[in-house]
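Trainee: any chance you can model this:
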Amino acid sequence: MKKGIHPESYRPVVFKDMSNGDVFLSQSTCNTKETIEFEGETYPLVKLEISNTSHPFYTGKSTMIDTAGRIDKFKSRYGDRSKK
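Mentor: This is a model prediction of the structure:
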């Protein structure tokens, strides 16, 4: 491996999945101003929209996505450009 290309500032960081509230501790270089108390210690907090505990691929639960509503909203806003 090349020397000097990897960051030196790895530190313990708590990641929180905002969709289900799951938290886990890992090492990261992410910058954050928020902190959280986890297992009796205070760590920097990084909020995630989705993680392996809430993603349908990992949980096996598929959810219905409103793609038709999104497509209709796009067409009403920008017009149907598929017609030439």
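Trainee: from now on I want contacts and neighbour counts done on CA atoms only, so please keep to that.
Mentor: Noted.
Trainee: can you verify Leu25 is assigned to a strand?
Mentor: Yes. Remark: Leu25 belongs to a strand, assigned using DSSP: H, G, I helix; E, B strand; the rest coil.
Trainee: quick one, helices of this structure?
Mentor: 56-59, 67-78 (DSSP state H).
Trainee: let me see the mean pLDDT of the longest one.
Mentor: When pLDDT is averaged over helix 67-78, the result is 74.
Trainee: same deal with stretch 6-14?
Mentor: Mean predicted confidence for stretch 6-14 is 87.
Trainee: list the buried residues in that stretch.
Mentor: Val13, Val14 (16 or more other C-alpha atoms under 10 Å).
Trainee: who's in contact with that stretch?
Mentor: With contact meaning C-alpha atoms under 8 Å, 6 or more residues apart in numbering, stretch 6-14 is reached by 23-29, 36, 38, 43-46.
Trainee: who does the closest residue to Ser51 other than its chain neighbours form a beta bridge with?
Mentor: In space, Ser51 comes closest to Asp17 once its chain neighbours are excluded; the distance is 6.0 Å by C-alpha to C-alpha, 6 or more residues apart in numbering. For Asp17, the beta-bridge partners under DSSP bridges are Leu48.
Trainee: count of residues packed around Asp17?
Mentor: Neighbours of Asp17 under the rule other C-alpha atoms under 10 Å: 18.
Trainee: isn't it right up against Leu45?
Mentor: No. At 10.7 Å, Asp17 and Leu45 do not qualify as touching, with contact defined as C-alpha atoms under 8 Å.
Trainee: who's in contact with the residue nearest to Ser51?
Mentor: Here Asp17 is in contact with Val23, Lys47, Leu48, Glu49, Ile50, Ser51, Ser54 (criterion: C-alpha under 8 Å, 6+ apart).
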